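Colleague: quick one, fold the following:
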Amino acid sequence: MARLITPTDAEAPAGRPQVAHPPTSAELVDAANGLDRRFRDDLARIVGIDSGSHDPVGVTRVADWAAGALRGDGFDVEAIPTPDVDGRRYGPVVVGRRRGAGSARVVLFAHLDTVFPAGTAAERPFRVVDGIANGPGVCDDAAGVAAALAAARVLDRLAYDGFGELLIVFTPDEEVGSPASREILAELVTGADAALCLECARENGDLVGARKGVADVLVTVRGRAAHSGVEPERGVNAAVEAARLVLDLQALSGSVPGLTLNVGRVAAGSRANIVPDIAELHLEVRSVGLGELVATLDAIDERARRPFVDGARIEVERLDVCPPLERVATDALAELARRVGADLALEFEVAATGGASDANFVAALGVPTLDGLGPVGGGDHGIDEWLDVEGAPERIALLAGLVVAIAEGGPIR
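Modeller: Okay, here's the model as predicted:
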């Protein structure tokens, strides 16, 4: 099979150790196949631990295991405590560093947490039937964690150290928007030559090159309470204003291609005989581009300045804003991944999806980023979540090959 990158015949610069030639695609596949049993064992171990985002004890158990695995593989390991956020405690960020003989700094990142409550691992234990694995978090994102470890072992088995630094980062809170780890992750990846996100590949095998940005918004309407039978004219009905707001804001959805606005929760009043003095709308905006996201948030603010009900006041709070993962940040790496995939006889596209991941935040820092580099899986967050373990070695070979291609090919800009 063809080499992934044609090695130079020139000698290494003075003072730089000579590294092994870039491995062939056949060598990568053979090494990944040889590590398959260990990958499956790692996967079973991770899935077998309840690690919901808001279960810091469970997430820390997985983090401790992952730190031990990295340390056993020769990485310098650090567990970075995360801050409490809104009174909630989260697990640590696990960081593994391995120095190489080259210059490129490559980051692999995945998350340790799941969406499932304590007890789910016992209710639906890890199993493999006909090459398909099931279990809570098996593809989102136990497979990403296990694949990062496996890809590093592939490179180690092939004595390849042509990168400058291989950095593996596991975060504890991605499923809830990374409130505690976001700044830590940003500090770790800033200045990297490439960042590879190990959310699973799509069900059809595609990688992910674009994700929508997301804004989480709370709108509070304040009116004035009054007795609805005795003196309703003295009241300012917050529920009526909220009802009109729902219609006006929902009309923004689809105003530009790919833009969605969803009013997901509406609450108002306490009793039928009281004019309600407060109402709340909890809504979400998603868009392909950052400009459209900002423009929509500005439109919400503008509507809030023009209440329909006399005397009503409207307050808008942007609870969280996640920038989109845009193609400009992923195109160069996507093309490189296609070349590596072709050498491995893997065919895939680089798709767009509406869901966000930590790749959104990383790409916003200006770091070339590509997502969906974990094994193929689907059914995320559901009882039928699955992973193609039979095909996992070729995806691990792809990941390891992409690290090699980045290290050998120079800046990805």
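
Colleague: which ones are touching the residue nearest to Gly269 when sequence neighbours are not counted?
Modeller: Excluding its sequence neighbours, the residue lying closest to Gly269 (CB to CB, 6 or more residues apart in numbering) is Pro276, at 3.3 Å. Any C-beta I mention is one placed from the backbone N, CA and C, and that applies to glycine too. If you count contacts by CB atoms under 8 Å, 6 or more residues apart in numbering, Pro276 has them with 223, 225, 237-239, 268-270.

Colleague: and if we set it to 10 Å?
Modeller: By CB atoms under 10 Å, 6 or more residues apart in numbering, Pro276 lies in contact with 221, 223-226, 228, 235-242, 267-270.

Colleague: among those, which are in strands?
Modeller: 221, 226, 267-268 (DSSP state E).

Colleague: closest to Arg98 among these?
Modeller: Ala267 (50.8 Å; CB to CB).

Colleague: the closest one: neighbour count?
Modeller: Around Ala267 there are 12 other residues, counting by other CB atoms under 10 Å.

Colleague: was I right about it contacting Glu280?
Modeller: Yes. With contacts counted by CB atoms under 10 Å, Ala267 reaches Glu280, the gap being 5.0 Å.

Colleague: identify the contacts common to those two.
Modeller: With CB under 10 Å, 6+ apart as the test, Ala267 and Glu280 both reach Ala242.

Colleague: give the buried residues for stretch 206-224.
Modeller: Neighbour-count burial for stretch 206-224 flags 206-217, 219-224 (criterion: 16 or more other CB atoms under 10 Å).

Colleague: relative to the whole chain's centre, how far out is it?
Modeller: 16 Å (CA atoms, centre = their mean, to the nearest Å).

Colleague: endpoint to endpoint, it covers what distance?
Modeller: This stretch, stretch 206-224, spans 53 Å end to end (CA to CA, to the nearest Å).

Colleague: and the residue nearest to the spatial centre of the chain, how far from Leu344?
Modeller: In the chain, the residue lying closest to the centroid (CA atoms, centre = their mean) is Ser357, at 2.5 Å. Separation of Ser357 from Leu344 (CB to CB, to the nearest Å): 24 Å.

Colleague: pLDDT averaged over stretch 317-331, what's the number?
Modeller: For stretch 317-331, mean pLDDT is 95.

Colleague: just the terminal-to-terminal distance for that stretch.
Modeller: Start-to-end span of stretch 317-331 (CA to CA) is 34 Å.

Colleague: do stretch 97-109 as well
Modeller: One end of stretch 97-109 sits 12 Å from the other (CA to CA).

Colleague: and it, which residues are buried?
Modeller: Buried-residue list, stretch 97-109, by 16+ other CB under 10 Å: 98, 100-102, 104-109.

Colleague: with stretch 51-59 instead?
Modeller: Applying 16+ other CB under 10 Å to stretch 51-59 flags 51-56, 58-59 as buried.

Colleague: per-residue pLDDT, the residue nearest to the centre of the chain?
Modeller: 98.

Colleague: in space, what's closest to it - neighbours in sequence excluded?
Modeller: Counting by CB to CB, 6+ apart, the residue nearest Ser357 is Glu199, at 5.2 Å.

Colleague: and for Gly34?
Modeller: Arg157 (7.2 Å).

Colleague: what pLDDT does the model give that neighbour?
Modeller: If you check Arg157, the pLDDT there is 97.

Colleague: next structured bit after the helix or strand where Leu166 lies?
Modeller: If you go by DSSP states H and E, Leu166 is part of strand 165-171. Toward the C-terminus, strand 165-171 is succeeded by helix 182-189 as the next helix or strand (DSSP H and E).

Colleague: start and end of stretch 118-130, how far apart?
Modeller: Distance across stretch 118-130, first residue to last, is 28 Å (CA to CA).

Colleague: show me the shaky parts of the protein.
Modeller: Along the chain, segments meeting pLDDT under 70 span 1-20, 410-413.

Colleague: could you redo the last one with a cut-off of 50?
Modeller: The chain contains residues with pLDDT under 50 at 1-19, 411, 413.

Colleague: most widely separated two among the ones in strands among the contacts of Pro276?
Modeller: Maximum pairwise distance among the ones in strands among the contacts of Pro276 (CB to CB): 19.3 Å, between Ala226 and Ala267.
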